[in-house]
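Novice: I need the structure of the sequence given here:
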Amino acid sequence: MKDNGFDVDIASGFRGLDSEHHLQLELLTAFRRAVSEARPRDEIDEILDRLVDYTQVHFGSEQMLMRLYQYPQFAQHTEDHDDTVEEMQALRRAHLQGAEGLAVASAERLAERLNLHITTADRALGYFLVRLGVGPG
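Specialist: Predicted coordinates for the structure are as follows:
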């Protein structure tokens, strides 16, 4: 089910994280759309830079919460973040090399990875935080 364009079926259950996920997925969608529409390279570069920067900030935010509340799956969760960042860097390399078909395919794999991460690791984190009374679910 969609709520303002965000698929609530992939929600983590923690509003603060979900608002960040929403923006992250919007940026990824904007990148895929810009590449498929052959928009100017500087426009695509800007979207990709925002996506990478925002993802690093978002992951930092999650990791801060996990440290602060001593989340038991911290190591596994951050390892998945690291793998996602590596995949995002591969996406950037494909784009910088002008391999736009590969970049779009990488972006689609990245979207699948993010959706899976949100519905598994982030959902577990969200429930953990809500049970602690950290914030609204």
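
Novice: and stretch 41-55, how far out from the chain's middle?
Specialist: 13 Å (Cα atoms, centre = their mean, to the nearest Å).

Novice: what's the burial count for Leu25?
Specialist: Number of residues near Leu25 (other Cβ atoms under 10 Å) recorded here: 20. To be clear about C-beta, it is placed using only N, CA and C from the backbone, and glycine gets the same treatment.

Novice: and if you look at Asp18?
Specialist: Counted with other Cβ under 10 Å, the neighbours of Asp18 add up to 19.

Novice: And Arg123, by the same measure?
Specialist: Arg123, neighbours per other Cβ under 10 Å, totals 17.

Novice: Next up, the contacts around it.
Specialist: Contacts for Arg123 (Cβ atoms under 8 Å, 6 or more residues apart in numbering) come out as Ala11, Ser12, Gly13.

Novice: redo that, cut-off 7 Å
Specialist: Applying Cβ atoms under 7 Å, 6 or more residues apart in numbering to Arg123 gives the contacts Ser12, Gly13.
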